[in-house]
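Student: Pasting the sequence and the predicted model now:
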Amino acid sequence: MRVSGMIKMSCPPDALLATLHDRLSLANILPAGSTLDRNGQDSFIFAITKSVGPIRLTMRGTLTVAALDNDYVQLMTIHASHMIGGKVDATLTLSIDTADGLTRLGYGGDITALGLAGRVLKENEGTVDAVVKRAMARLKHQALTLYDQSAISTRTGS
């Protein structure tokens, strides 16, 4: 399934770039109750627990964010699986630029799923773009928070 969109924000591009590699910021875009730990410079391991009807599944996986052509074009890859729940793979190209005084985060890529996860994805096909957009909006919030904290500590000298 193909997803794409754009989010605009008022923080500098470098603040957004820093957010894409910040463990706490990335952890905050995952669903409540999830965990995310660094597994290398550009790599993280995570666990997301979700309930589907009477079934409660914890999908474990990896998330990587790495520069493609330059720092402002990043490739985010997500691989998650569960023995019963199936498998989810997502590959998103994230492009950061500026226009009209705003930073823009463009995203586009593919999400595939097999097993129960594939069935859930198929049943919710019409909402996948909105779900990804909400995750990008949470990323935007994290970037603005990180930028505000940086600006406050610069002003106060702490």
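Tutor: Yep, it's here.
Student: Give me the below-cutoff pLDDT ranges for the chain.
Tutor: Applying pLDDT under 70 to the chain flags residues 52, 150-158.
Student: and the helix ranked longest in the chain, how far from the chain's centre?
Tutor: Using DSSP state H, we find that the single longest helix of the chain is helix 128-156. Relative to the centre of its chain, helix 128-156 is centred 12 Å away, using Cα atoms, centre = their mean, to the nearest Å.
Student: for the protein, what spans make up the helices?
Tutor: Assigned by DSSP H, the helices in the chain fall at 13-20, 23-27, 115-123, 128-156.
Student: Of these, which stretch is the most buried?
Tutor: helix 13-20 (a mean of 20; mean count of other Cβ atoms under 10 Å). The way it works is simple: take the backbone N, C-alpha and C, and place the C-beta from them, glycine included.
Student: send the alpha carbons of that helix over as PDB?
Tutor: C-alpha atoms of helix 13-20 as PDB (Å, rounded to 0.1, in the frame of the first residue of the first chain):
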ATOM      1  CA  PRO A  13      15.200  21.900   9.200                       C
ATOM      2  CA  ASP A  14      18.100  20.900  11.400                       C
ATOM      3  CA  ALA A  15      15.700  20.600  14.400                       C
ATOM      4  CA  LEU A  16      13.600  18.200  12.400                       C
ATOM      5  CA  LEU A  17      16.600  16.300  11.300                       C
ATOM      6  CA  ALA A  18      17.800  16.000  14.900                       C
ATOM      7  CA  THR A  19      14.400  14.700  15.900                       C
ATOM      8  CA  LEU A  20      14.500  11.900  13.300                       C
END
